[in-house]
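Enquirer: Just the structure for this:
(one chain, ligands or ions: 2)
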Amino acid sequence: MGKISAVIIIMLFTLSSHSALAQWHKKSFKVMGTLAHVEFWLDDSVPQATADKLILAVEQEMQRIDQTMSPYIATSELSAINRDAATKPVIISKELFDLLTDAHNVAVLTHGMFDITYASIGYQYDYRKHQKPDQTTINNALKAINYQAVTLDKSSSSVRFTHADVKIDLGGIAKGHAVKNCIAILKEAGIEHALISAGGDTTLLGDRIGRPWFVGIKHPRAEDKTAVQLPLSNESISTSGDYERYFIEDGIRYHHIINPKTGDSARNVVSVSIIGKNPTYVDALSTAIFVMGLQQGMALINELPEYEAIIIDNQQTLHVSTGLQQD
Ligand code: ADP
Ligand code: MG
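Expert: Ligands and ions are numbered 1, 2, ... in the order given. Purely as a prediction, here's the structure:
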């Protein structure tokens with residue numbers, strides 16, 4: 001009894017001494033059609049204005065990436081590519097060139113299951129309006145879905161499509177990239193403990209002062225419920241689920257993760273989380289492994305020592321990669 005209260009008192013003391021010297025700064029905001037969150041620990045000797053400036057810098061960075069990569073903004077670099085790259089090489093920023101290179105690498109790694117040209121059919125779905133393309137439209141669009149039709153020329157920093165109907169979309173990779181850039185902003189400012197998330201993409205810098213961060217994976221069929229809580233530090237985690245953007249017609253769920261081989265929503269699993277060090281790669285990989293499904297997807301992750309996976313199959317059973325299994 002005496003021992004326990006001593007522990008509690010020490011804990012209280014630790015907590016209060018921390019809060020006297022430093023504090024957590026946090027903000028949630030809407031960007032890229034989703035909710036983003038920033039949270040970091042800053043010494044109290046640093047003026048509040050510095051924290052406010054950092055939060056603003058993070059918000060502005062996410063907005064900037066949205067302005068560059070959104071398919072809905074006519075002036076975005078992405079829109080310019082989709083407009084012109086089928087007829088001539090389009091010169092793009094180093095940032096976008098590097099991201100397209102990452103997207104290409106993940107496409108190769110996942111045998112084309114991650115494929116930004118999925119957009120050739122993806123743009124025909126409107127989940128809010130419950131609209132989907134008919135089979136003839138899908139069949140025609142499938143000819144334009146091929147990541148190899150996006151050719152990158154490093155010397156001129158340009159991109160070109162080798163098929164007339166190709167369209168690209170970065171929805172499966174841009175949020176990871178945004179989180180990565182924002183963490184870099186905080187790191188550069190000397191921050192050592194932070195969490196940044198955009199939708200299902202989260203990166204943790206350091207720990208939560210002597211204990212890990214806890215990141216929840218949403219319950220795929222019960223809104224506001226958590227399926228699992230994971231203790232994580234210095235890691236990135238990305239979750240792709242079939243419950244974010246979807247509609248149900250004749251008992252079939254049409255959602256925003258598309259199998260590039262069929263042009264239809266992928267339905268082998270309901271939630272995939274990938275853990276690793278690189279926010280951009282875990283984002284793209286969670287989308288790709290979702291398409292690959294449990295057997296193929298888990299087999300791939302088990303071959304890659306830098307990544308772990310938590311997959312919820314469509315019977316709502318949870319599966320984890322070998323690196324997460326306790327012996
Ligand atoms: P969220 O956008 O909800 O965070 P994901 O990271 O799983 O979820 O990304 C899903 C998005 O990825 C879709 O909204 C779409 O923009 C894009 N996408 C869908 N299917 C593919 C695919 N096979 N390859 C690449 N990107 C895809
Ligand atoms: Mg993703």
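
Enquirer: for N181, what are its contacts?
Expert: Residues near N181 by C-beta atoms under 8 Å, 6 or more residues apart in numbering: E61, I65. C-beta coordinates here come from the backbone N, C-alpha and C atoms, glycine included.

Enquirer: so it sits in a helix?
Expert: Yes: according to DSSP: H, G, I helix; E, B strand; the rest coil, N181 belongs to a helix.

Enquirer: how far away is it from S70?
Expert: For N181, the distance to S70 (C-beta to C-beta, to the nearest Å) stands at 16 Å.

Enquirer: likewise S286?
Expert: 20 Å.

Enquirer: repeat for T151
Expert: 23 Å.

Enquirer: which of the two has more neighbours?
Expert: S70 (20 against 13; other C-beta atoms under 10 Å).

Enquirer: Angles on the backbone of whichever residue of the stretch 101-250 of the chain sits closest to ligand 1, please.
Expert: Residue of the stretch 101-250 of the chain nearest ligand 1, by C-beta to the nearest ligand atom: G171 (2.1 Å). The phi and psi values for G171, taken as degrees, to the nearest 10, are phi -60, psi -20.

Enquirer: Over to E95?
Expert: The phi and psi values for E95, taken as degrees, to the nearest 10, are phi -60, psi -50.

Enquirer: that's a helix at R64, yeah?
Expert: Yes: counting by three-state DSSP, R64 is located in a helix.

Enquirer: how near is the residue lying closest to the residue of the stretch 101-250 of the chain closest to ligand 1 once chain neighbours are set aside to S240?
Expert: With sequence-adjacent residues excluded and distances taken as C-beta to C-beta, 6 or more residues apart in numbering, G171 is closest to H256, at 7.5 Å. The gap separating H256 from S240 is 9 Å, by C-beta to C-beta.

Enquirer: Please apply the same query to V320.
Expert: Between V320 and S240 the computed distance is 16 Å (C-beta to C-beta).

Enquirer: Also G176?
Expert: 11 Å.

Enquirer: Which residue of those two possesses the greater neighbour count?
Expert: G176 (31 against 28).

Enquirer: show me the contacts for that one.
Expert: D201, S236, S238, P279, T280, Y281, V282, D283, A284.

Enquirer: How about the secondary structure of it?
Expert: helix.

Enquirer: per-residue pLDDT, it?
Expert: In the predicted model, G176 carries a pLDDT score of 98.

Enquirer: Just give the nearest non-adjacent residue to it, would you?
Expert: Closest to G176 by C-beta to C-beta, 6+ apart is D283, at 2.7 Å.

Enquirer: How about N314, nearest residue that isn't a chain neighbour?
Expert: Of all residues not flanking N314 in the chain, V270 sits nearest, at 5.5 Å (C-beta to C-beta, 6+ apart).

Enquirer: Surely the one you found touches H219?
Expert: No: when contacts are counted by C-beta atoms under 8 Å, V270 is not listed as touching H219 (9.9 Å).

Enquirer: ok, those two, which is more surrounded?
Expert: Shown here are V270 and H219; by other C-beta under 10 Å, V270 has more neighbours (22 against 18).

Enquirer: wait, does whatever helix or strand that one lives in make contact with ligand 2?
Expert: If you go by DSSP states H and E, V270 is part of strand 269-276. No: figure legend: strand 269-276 not in contact with ligand 2 (C-beta under 5 Å from the ion); closest approach 8.3 Å.

Enquirer: Helix or strand next in line after that strand, which one?
Expert: Next element after strand 269-276 (DSSP H and E): helix 279-292.

Enquirer: Please pull up the helix or strand immediately following that next one.
Expert: helix 294-303.

Enquirer: Over to A51. Which of the three states is it?
Expert: At A51 the chain is in helix, as set by three-state DSSP.

Enquirer: what about the nearest residue to D43 once chain neighbours are set aside, how many neighbours?
Expert: Distances taken as C-beta to C-beta, 6+ apart place A22 nearest to D43, at 4.6 Å, with adjacent residues excluded. By other C-beta under 10 Å, 16 other residues sit near A22.
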